[in-house]
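In: no FASTA, just this:
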């Protein structure tokens with residue numbers, strides 16, 4: 001057989017292996033796309049690299065743009081166990097780390113069989129890492145924002161099948177990772193915007209300081225007790241954070257009045273719901289269920305609430321959940337026009353209002369959560 005025929009035969013023999021690895025990466029990509037969080041998306045890939053290569057450990061490092069350092073967000077297998085690694089776990093890798101600098105200037109993975117022999121691996125021998133493979137994760141604009149790393153504790157010449165697998169991961173999953181990172185950063189910016197808006201009212205009205213955080217936390221606990229989905233809980237959190245944002249449009253002489261409101265002032269106060277809806281619609285990322293909390297949390301189960309007079313299950317579920325939390329916190333908080341009720345008095349009032357002001361099923365979940373709070377307090 002000629003060398004050309006031997007080469008052709010070897011190529012045919014390698015195709016099933018290449019096809020298998022491509023199929024594996026496709027499966028990992030599908031898992032990543034279905035994952036709810038970036039760590040959940042990355043973890044199966046790192047585990048696969050450890051299982052199918054000589055690497056004893058693998059990790060995904062991500063850039064923190066504020067500190068310009070890279071932190072290990074997910075790891076699999078064995079990681080170095082020494083003071084230097086502990087320092088990296090806490091403080092991250094500086095962006096000027098030679099390996100990261102090398103990744104910034106290359107379009108593909110880097111393979112280093114012996115970290116003592118090349119300057120790009122400076123610092124890794126001190127970790128006990130003897131060989132390393134690294135692949136960049138970049139934004140669409142080419143900025144390095146992360147890196148996949150896998151390593152061994154003995155010098156190791158990376159083999160063709162390892163290079164092929166890692167290369168496929170680098171070219172396919174790194175793109176997915178960069179996209180998820182961008183979505184994560186966008187979500188964090190949206191979360192910060194919602195929280196900032198929610199706290200803006202408290203800066204104006206010092207008497208309600210802490211109210212937003214308390215009712216949001218309590219609403220999320222009730223949501224968990226009711227088995228709400230992650231998407232519903234996020235909408236509930238955002239709606240709770242912004243529930244009274246419309247009061248920014250209420251005149252100071254009404255919002256900050258220390259005594260009871262007269263009929264005209266009460267009408268002005270009630271208009272904060274419509275103002276809140278206008279604020280909410282200016283946030284295009286806010287889901288409809290979150291807006292419903294803002295618009296409908298003053299509706300009552302018996303139809304006597306406002307602004308529309310919805311009743312029963314006509315009232316959106318998340319608004320029904322939040323209404324109980326809002327009233328309970330208002331009752332147990334001191335205001336210029338009232339003293340704070342005791343927790344027991346407020347609980348009795350919530351129970352009394354089940355079927356009138358509140359959804360009875362939501363009240364049942366609320367009481368379950370409050371009972372857990374009491375048990376924790378007794379244990380403390």
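Out: Right, received. Where do you want to start? For clarity, every value in this text was computed on a predicted model and none was experimentally measured.
In: quick check, pLDDT for the residue lying closest to residue 342 once chain neighbours are set aside.
Out: With CB to CB, 6 or more residues apart in numbering as the criterion, residue 342 has its nearest non-adjacent residue at 7.5 Å, and that residue is residue 332. Using the backbone N, CA and C atoms, a C-beta is placed for each residue, glycine as well. As predicted, residue 332 sits at a pLDDT of 91.
In: with residue 102 instead?
Out: Checking the pLDDT column for residue 102, the value is 95.
In: residues contacting the residue nearest to it when sequence neighbours are not counted?
Out: Counting by CB to CB, 6+ apart, residue 102 lies nearest to residue 120, which is 4.4 Å off, once chain neighbours are set aside. For residue 120, the residues meeting the contact criterion (CB atoms under 8 Å, 6 or more residues apart in numbering) are 98, 99, 101, 102, 110, 112.
In: hang on, residue 120 in a helix?
Out: Yes: looking at residue 120 with DSSP: H, G, I helix; E, B strand; the rest coil, it is inside a helix.
In: give me the distance between it and residue 52.
Out: Plainly put, residue 120 is 25 Å away from residue 52 if you go by CB to CB, to the nearest Å.
In: and the helices in the stretch 51-200 of the chain?
Out: All helices of the stretch 51-200 of the chain, identified by DSSP state H, counting those that start in this stretch, fall at 83-91, 98-104, 124-127, 160-168, 174-204.
In: that should have said the stretch 251-380 of the chain, apologies.
Out: Secondary structure of the stretch 251-380 of the chain (DSSP H, counting those that start in this stretch): helices located at 252-255, 263-270, 272-281, 288-296, 317-331, 343-352, 360-379.
In: so where's the stretch 1-150 of the chain uncertain?
Out: Filtered on pLDDT under 70, the stretch 1-150 of the chain yields the residue ranges 1-19.
In: one more time with 50
Out: Low-confidence segments of the stretch 1-150 of the chain, defined by pLDDT under 50, span residues 1-16.
In: which residues are in contact with stretch 225-233?
Out: Contact with stretch 225-233 is made by 36, 220, 223-224, 236, 287, 289, 317-318, 321, 361-362, 365, 368-369, as judged by CB under 8 Å, 6+ apart.
In: now with 6 Å, please.
Out: By CB atoms under 6 Å, 6 or more residues apart in numbering, the list of residues contacting stretch 225-233 from outside reads 220, 223, 365, 368, 369.
In: are any of the residues you listed buried, and which?
Out: Among the contacts of stretch 225-233, the ones that count as buried by 16 or more other CB atoms under 10 Å are 220, 223, 365, 369.
In: mind checking pLDDT for the last one?
Out: Taken from the predicted model, the pLDDT recorded for residue 369 is 95.
In: what's the neighbour count on residue 76?
Out: A total of 21 residues lie near residue 76 under the criterion other CB atoms under 10 Å.
In: beta-bridge partners for it, please?
Out: Listed by DSSP bridges, the beta-bridge partners for residue 76 are residue 58.
In: one step back: what's the closest of the helices of the stretch 51-200 of the chain to residue 41?
Out: In terms of CB to CB, the element of the helices of the stretch 51-200 of the chain nearest to residue 41 is helix 174-204, at 5.8 Å.
In: what's residue 172 in contact with, if anything?
Out: If a contact means CB under 6 Å, 6+ apart, then residue 172 has 25, 29 as its contacts.
In: 10 Å - rerun?
Out: Contacts for residue 172 (CB atoms under 10 Å, 6 or more residues apart in numbering) come out as 22, 25, 26, 28, 29, 32, 45.
In: over to residue 299?
Out: For residue 299, the set of contacting residues under the criterion of CB under 10 Å, 6+ apart consists of 273, 292, 305-312, 314-316, 319-320, 323, 357.
In: same thing but 8 Å
Out: 305, 306, 308, 309, 310, 311, 315, 319, 323.
In: excluding covalently adjacent residues, which one is nearest to it?
Out: Of all residues not flanking residue 299 in the chain, residue 305 sits nearest, at 4.0 Å (CB to CB, 6+ apart).
In: can you check residue 38 too?
Out: With CB to CB, 6+ apart as the criterion, residue 38 has its nearest non-adjacent residue at 4.8 Å, and that residue is residue 180.
In: hmm, that neighbour is touching residue 39, no?
Out: No: distance between residue 180 and residue 39: 9.8 Å, which falls outside the contact criterion (CB atoms under 8 Å).
In: of these two, who's got more company?
Out: Neighbours per residue (other CB under 10 Å) separate residue 180 from residue 39, with residue 180 holding more: 19 against 14.
In: per-residue pLDDT, that one?
Out: Confidence for residue 180, expressed as pLDDT, is 76.
In: what about it, distance to residue 32?
Out: Where residue 32 is concerned, residue 180 sits at a distance of 7 Å (CB to CB).
In: next: residue 228.
Out: The separation that residue 228 has from residue 32, given CB to CB, amounts to 26 Å.
In: farthest pair within the contacts of stretch 225-233?
Out: Based on CB to CB, the longest span within the contacts of stretch 225-233 runs between 220 and 368 and measures 14.1 Å.
In: counting neighbours, what do you get for residue 284?
Out: 5.
In: per-residue pLDDT, it?
Out: We have a pLDDT of 81 for residue 284.
In: next one: it from residue 193, what distance?
Out: Between residue 284 and residue 193 the distance is 12 Å, computed by CB to CB.
In: do the same with residue 153
Out: For residue 153, the distance to residue 193 (CB to CB) stands at 45 Å.
In: then residue 267?
Out: 30 Å.
In: what residues of stretch 285-297 count as buried?
Out: The neighbour-count check on stretch 285-297 (16+ other CB under 10 Å) flags 286, 289, 290, 291, 292, 293, 294, 295, 296, 297 as buried.
In: now swap in stretch 148-156 and tell me
Out: 148, 149, 150, 151, 152, 156.
In: also stretch 45-58?
Out: Taking 16+ other CB under 10 Å as the basis for neighbour counts, the residues of stretch 45-58 that come out buried are 45, 46, 48, 49, 50, 53, 54, 55, 56, 57, 58.
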